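Colleague: Sequence plus the predicted model coming up.
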Amino acid sequence: MDGILAAAVKAAEGALKFGHPTGYAWLQTVRDMKRLTGLMMHWRLQLYLQVTVLLLLLLLLLLLLLLLLAAVFSDCTNELQLHLLLEH
């Protein structure tokens, strides 16, 4: 995208240099497009960062849940072993 915008800036500057009546408007439009593209990239990166953080938090929550389940089943297994030992 940057290559396309750079070529458009050069074309608009060339038109302005040769005195084309709409050269300045072209240049301003291309500069506005470049600014908006930069803002969109910033917004997109921010969104990707937020999604990544959310996925990491969900992964951490899943890990904690698995640890809790492992602790509960480990405790149940220990109680069952104790019960079986007491029966014999």
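Modeller: Alright, I've got the coordinates. Numbers count the residues shown, from 1 in each chain.
Colleague: What is the neighbour count of Val30?
Modeller: By other C-beta atoms under 10 Å, 20 other residues sit near Val30. All C-beta atoms are positioned from the backbone trio N, CA, C, and that covers glycine.
Colleague: start the count at 30, not 1, going forward
Modeller: Fine by me, first position is 30 from now on; the one you just mentioned is Val59.
Colleague: Thought Ala37 was touching it, still the case?
Modeller: Yes: using C-beta atoms under 8 Å, Val59 is in contact with Ala37, at 4.5 Å.
Colleague: starting at the chain centroid, how far to the strand or helix carrying Ile33?
Modeller: Using DSSP states H and E, Ile33 sits within helix 31-46. How far helix 31-46 lies from its chain's middle: 31 Å, per C-alpha atoms, centre = their mean, to the nearest Å.
Colleague: most centrally placed residue in the protein?
Modeller: Nearest to the mean C-alpha position of the chain, counting by C-alpha atoms, centre = their mean, stands Tyr77 at 0.7 Å.
Colleague: right, and Val38 touches Leu56 too?
Modeller: Yes: taking C-beta under 8 Å as the definition, Val38 is a contact partner of Leu56 at 7.1 Å.
Colleague: Show me where the chain has its helices.
Modeller: Assigned by DSSP state H, the chain shows helices spanning 31-46, 52-116.
Colleague: export the ones you listed to JSON lines and tack on mean pLDDT?
Modeller: Shown next, in JSON lines, are the helices of the chain (pLDDT from 0 to 100):
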{"stretch": "helix 31-46", "mean pLDDT": "74"}
{"stretch": "helix 52-116", "mean pLDDT": "81"}
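Colleague: most packed of these?
Modeller: helix 31-46 (a mean of 13; mean count of other C-beta atoms under 10 Å).
Colleague: Mind giving me the packing neighbours of it?
Modeller: Applying 3 or more C-beta pairs under 8 Å, 6 or more residues apart in numbering; DSSP states H and E, one finds that helix 31-46 contacts helix 52-116.
Colleague: Fine by me, thanks again.
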